[in-house]
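**Student:** One predicted model, sequence on top.
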Amino acid sequence: GENVEQHPSTLSVQEGDSAVIKCTYSDSASNYFPWYKQELGKRPQLIIDIRSNVGEKKDQRIAVTLNKTAKHFSLHITETQPEDSAVYFCAATPRAGTALIFGKGTTLSVSS
Amino acid sequence: GAGVSQSPSNKVTEKGKDVELRCDPISGHTALYWYRQSLGQGLEFLIYFQGNSAPDKSGLPSDRFSAERTGGSVSTLTIQRTQQEDSAVYLCASSREQGARGTEAFFGQGTRLTVV
């Protein structure tokens, strides 16, 4: 089955800096890669996703890149703000009809 | 309802007792997932239901864990003979599958299970 590795487990940045979180996946059939943000005591919520037919996607300060050959994808947050502090999870699913598998999460701390 | 609903929000049970956790997915969502999140840990996949297909049970940690989804809607996760290591937040999510395309999974608020 699919296995998703996520690094780093913790990341501390200064406000205004960029943050990058990287994930690798094992199943070459995976075609959908969402990123979720979980604030303390709250449920995970989707912030951005990318499909295997796209190499990059941007939404304001957030971008995701996908390298299918290397089987890795990354989340980029620019101009970080204190409210970006949360746990971020990457995930992958080989195809519809199979489970969404998550990485172990990255705790991002943005200090002002 | 407007979102995924889970009940109870909190459950304290004695070691060895059975517990049932309930999930009401978003209406019309054919896919339903259960995950377990231990304190400060990631989202551990437990079980996945998709329409009328056989569920993917590959994430269930032991035969004490089981789940059902009745009528393609409400799901119940049952843990028999609970152990202290079962203490965690159990999260349910649902999504609207679109053919071969993955779609956003919406999470419930979770059930915090404490086994004493």
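**Tutor:** Received, thanks. Residues are numbered from 1 along each chain as shown, chains lettered A, B, ... in the order given.
**Student:** so what pLDDT did the closest residue to A:Pro94 other than its chain neighbours get?
**Tutor:** In space, and not counting its chain neighbours, A:Pro94 is closest to A:Ala29: 4.3 Å by C-beta to C-beta, 6 or more residues apart in numbering or on different chains. From N, CA and C alone the C-beta is placed, and that goes for glycine too. For A:Ala29, the pLDDT comes out at 88.
**Student:** Was I right to think A:Ala29 contacts A:Lys71?
**Tutor:** No - taking contact to mean C-beta atoms under 8 Å, the distance of 10.6 Å between A:Ala29 and A:Lys71 leaves them out of contact.
**Student:** if you count what's nearby, which of the two comes out ahead?
**Tutor:** A:Lys71 (15 against 12; other C-beta atoms under 10 Å in any protein chain shown).
**Student:** Bridge partners for the residue lying closest to B:Ser7 once chain neighbours are set aside, pull those for me.
**Tutor:** Excluding its sequence neighbours, the residue lying closest to B:Ser7 (C-beta to C-beta, 6+ apart) is B:Arg22, at 4.8 Å. The partner list for B:Arg22 in beta bridges (DSSP bridges) reads B:Ser7, B:Thr76.
**Student:** Chain A against chain B: which residues are in contact?
**Tutor:** Residues of chain A found near chain B (C-beta under 8 Å from any C-beta of the partner chain) are A:1, A:31-32, A:34, A:43-46, A:49, A:51, A:89, A:93, A:95-105.
**Student:** switch the cut-off to 6 Å
**Tutor:** Residues of chain A lying near chain B by C-beta under 6 Å from any C-beta of the partner chain: A:32, A:43-44, A:46, A:93, A:96-97, A:99-102, A:104-105.
**Student:** wait, which of these is closest to chain B?
**Tutor:** Here the nearest of the residues of chain A next to chain B to chain B, counting by C-beta to the nearest C-beta, is A:Tyr32; it sits at 2.9 Å.
**Student:** Near the closest one, how many other residues are there?
**Tutor:** A:Tyr32: 21 neighbours (other C-beta under 10 Å).
**Student:** pLDDT value on the closest residue to it other than its chain neighbours, please?
**Tutor:** Closest residue in space to A:Tyr32, ignoring its immediate chain neighbours: B:Gly102 at 2.9 Å, by C-beta to C-beta, 6+ apart. At B:Gly102 the predicted local confidence, pLDDT, stands at 73.
**Student:** Burial check on B:Gly102, number of neighbours?
**Tutor:** Using other C-beta under 10 Å, B:Gly102 has 26 neighbouring residues.
**Student:** ok, residues contacting stretch B:54-71?
**Tutor:** When contacts are taken as C-beta atoms under 6 Å, 6 or more residues apart in numbering or on different chains, the neighbours of stretch B:54-71 outside the stretch itself are A:99, B:32, B:45-49, B:75-81.
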